[in-house]
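Colleague: Pasting a predicted model and its sequence here:
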Amino acid sequence: MSHGQTIAKNAVWLMAASTGQKIISFLTFVVVARLVGVEITGKYFFAVSVTSVFVIIADLGLTPVVIREMAADVERGRAALASALRLKLILIPLAILGSLAYIRLTHSGQEMLLAVALACLVMTADAVSVTWYGAIRGRQQLRYEAWGMFIGQCLTAIVSLTAIFFHAGVMGLIFGLLCGSAWNVLWSIRRSHDIGISLHGASLSFKKMFFMALPFALAGIFVKVYSYVDTLLLKQFHDVFAVGYYSVAYKLTYSFQFLPMTFVAALYPGMSAAFAVNDREGLRKILHGSMRLMMLLAIPITVGLSALAPGLIHLLYGVRFSNSAASLMILPWVTIPLFLDFPIGSLLNATHRAHQKTIAMGITMVVNVIANIILVPPYGPVGAAWAGVISFWVLFLTGVWFARHDLDWAWGRSFFLRGIVIAFIGWLALKWLAGFFSIIPMLAIAVLLIIFLLWIGKIFVPDDIHLMRKWFQKIE
C-alpha cells in the first residue's frame, strides 16, 4: 500500500470514528440537558472545563513528540513513549493540584470541589490513553484509536443516561466520562502491545523531551486558555445558570469542528509534498481548494445555527434553555474563521513555519482573555460569544498575514467577499422566513436556500467535487 493510500485510509477511519463519536456525544448532551435542566448542566460543563484547562499540564506537548518519533523510528518512538509516561507521573499530580486549587481559590463550594476531584480522575485517564494512542498513531494504525474512541463514547453515553435515570446528578455524569476514559486506557495499552509497542529499552532524557515538546506545549496552552476561559469567567462573574445557558450554544457550535480537522488531515500530505519539490503553484492550488471546501462547510453551519437559533434551542433543549438562543445567534459566526484557519495552519506547518502558527495562537489567547474580561462581566453568555467571534477572526486574519505570500490576493479578496455576502444574505433570508414557518420545515428550506446561494456565488464549483472524488479514490 502506498503512503498516500495509507494516509487516506487513516483519514477515513478517523473521520468515521469522529463523526460517530460526535453524533453520540451531541445527542447524549441534548438528552441529558433536557432531563437535568440548566443548573446541573452548568455545573457539569464547568467541572469538565476546569480539568480541560489543566489537562495541558498533564501532557505539555509530549504526545505530539511520541507521534513524531514513533513515525520516524520505532526504537526512538519507544524511548519517547517511556520518557513521556515517566514524566506524566510528575505532571499529572501537578495538573490535579492545579484543578483543585482553582476551585478552592474561587470559592466554588464543596459540591464543585467533589465534582472536579472526580473529573481529575477522568483527566488522569485521558492523559495516559492519549499518549498510548499517540504511539499507535505514529505507527499509522488509526483504526485502533478510531474504534477505541467510538466504543468509549458509547460507554460514556450509556452510563451517563443510566446515572440520570437514577438521579445521580453531576457526579453521575462525570462518572460516565470516567468509564469511557478508563476503557480508552485499557484499550490503547492492549492494542499498542498487539502491534509491537512496548516500554522495553532505553528512554530519552527528561531534558531532551522537554525541549522537543516545548513548541507543542505552548500551542496547547494557548488553545486551552482561549477555549475555556469564557466558561471559567462566566462562573466567576455570574453563576452556573449562565454556564448552563452558554454550554448548549457552545456544544451546538463546536460539535462540527471535526469536519475541518479530518478533511485537512487528508490534504496536509499534499501540501508537504508540494513544498518539498518547491511547487509553489501546486501548493497554492491545494490551499485554495481546501479553503473553498472549508467555506462550503462553514457557511451553512454558521447561517443555519445563527438564524434559526430560537427554534433550534426549543426543538433540542426545550423552553428551559430559551435564554441560550441569544448566545447561539452570535457564537456560530466563529465557524467561518475557525474552518478557514485549518488549511492556513496546515500550510504554515507544511512549510516549516509552525512557529508562526504558534505566534498566531498566542496573539489569539491574549485577545480572547482581554475580550472575555471586558465583555463577560456585563453581558454574560452573550459577551462570551462575542469574545469568541472576535478572537477567532483574529486567529484567522493573523494566519492569513503570515501566509500572504502563498495566497493569490485577487482570488482571495473575491472569495472572502463572496463568502461573507452569501452568509449575510442567507442569514437575513432565513430570519425573515422563520416568521412564517416552524423549525422543521425551516431546516429543509435552509438547506435548499444555502445550496442555491453557494452555487450562485460560485463557492460551490465543479473543482470541489473533483477534489473530493480524487481523495476518496485513494482508499479504493
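Modeller: Structure's in. What do you need?
Colleague: where's the residue lying closest to His238 once chain neighbours are set aside relative to Trp393, distance?
Modeller: Spatially, and ignoring its direct neighbours in sequence, His238 is nearest to Gly380 (5.2 Å; Cβ to Cβ, 6 or more residues apart in numbering). Bear in mind the C-beta positions are built from the backbone N, C-alpha and C, glycine included. Counting by Cβ to Cβ, to the nearest Å, the gap between Gly380 and Trp393 amounts to 21 Å.
Colleague: Neighbour count for those two, which is higher?
Modeller: Using other Cβ atoms under 10 Å as the criterion, Gly380 and Trp393 rank with Gly380 on top: 23 against 19.
Colleague: so who does the more buried one touch?
Modeller: Residues in contact with Gly380 (Cβ atoms under 8 Å, 6 or more residues apart in numbering) are Leu234, Phe237, His238, Ala242, Tyr246.
Colleague: Count the neighbours of the second one for me.
Modeller: In this case it means Phe237. Neighbours of Phe237 (other Cβ under 10 Å): 15.
Colleague: Contact partners for it?
Modeller: Phe237 neighbours (Cβ under 8 Å, 6+ apart): Val376, Pro377, Gly380.
Colleague: Which residue ranges make up the domains of the chain?
Modeller: Following automatic domain parsing, one finds the domains of the chain at 1-204, 240-476.
Colleague: would JSON lines of those domains with distance to Phe211 be doable?
Modeller: Putting these into JSON lines (distance: least, Cβ to Cβ, whole Å) gives the following:
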{"stretch": "domain 1-204", "distance to Phe211": "10"}
{"stretch": "domain 240-476", "distance to Phe211": "14"}
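Colleague: Can you tell me which of the ones you listed is nearest to Phe216?
Modeller: The closest of the domains of the chain to Phe216 is domain 1-204. By Cβ to Cβ, the value is 3.0 Å.
Colleague: For the closest one, the averaged confidence score.
Modeller: In this model, domain 1-204 has an average pLDDT of 84.
Colleague: so where do the helices sit in the stretch 301-450 of the chain?
Modeller: 309-316, 325-330, 335-350, 354-379, 381-402, 409-433, 439-456 (DSSP state H, counting those that start in this stretch).
Colleague: Likewise for the stretch 51-200 of the chain?
Modeller: Under DSSP H, counting those that start in this stretch, the stretch 51-200 of the chain gives helices at 62-72, 74-105, 110-138, 142-165, 169-194.
Colleague: can I get those helices in TSV with mean neighbour count?
Modeller: Output for these, formatted as TSV (neighbours: other Cβ atoms under 10 Å):
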stretch	mean neighbour count
helix 62-72	22
helix 74-105	18
helix 110-138	22
helix 142-165	19
helix 169-194	20
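Colleague: any idea how far stretch 373-381 is from the chain center?
Modeller: Centre-to-centre, stretch 373-381 and its host chain are 23 Å apart (Cα atoms, centre = their mean, to the nearest Å).
Colleague: Buried residues of that stretch, list them for me.
Modeller: By neighbour count on 16 or more other Cβ atoms under 10 Å, the buried set for stretch 373-381 is Leu375, Val376, Tyr379, Gly380, Pro381.
Colleague: for the first one, what are its contacts?
Modeller: Which is Leu375. So, once contact is read as Cβ under 8 Å, 6+ apart, Leu375 ends up touching Gly383, Ala384, Trp386, Ala387.
Colleague: How many residues are close by the first one?
Modeller: So that's Gly383. 25.
Colleague: For Leu296, see how far away the nearest residue to Ser290 once chain neighbours are set aside is.
Modeller: Leaving aside its sequence neighbours, Ser290 sits nearest to Pro343 (Cβ to Cβ, 6+ apart; 3.9 Å). Using Cβ to Cβ, Pro343 is found at 12 Å from Leu296.
Colleague: Please identify which of the two sits among more neighbours.
Modeller: The neighbour comparison of Pro343 against Leu296 (other Cβ under 10 Å) goes to Pro343, with 27 against 18.
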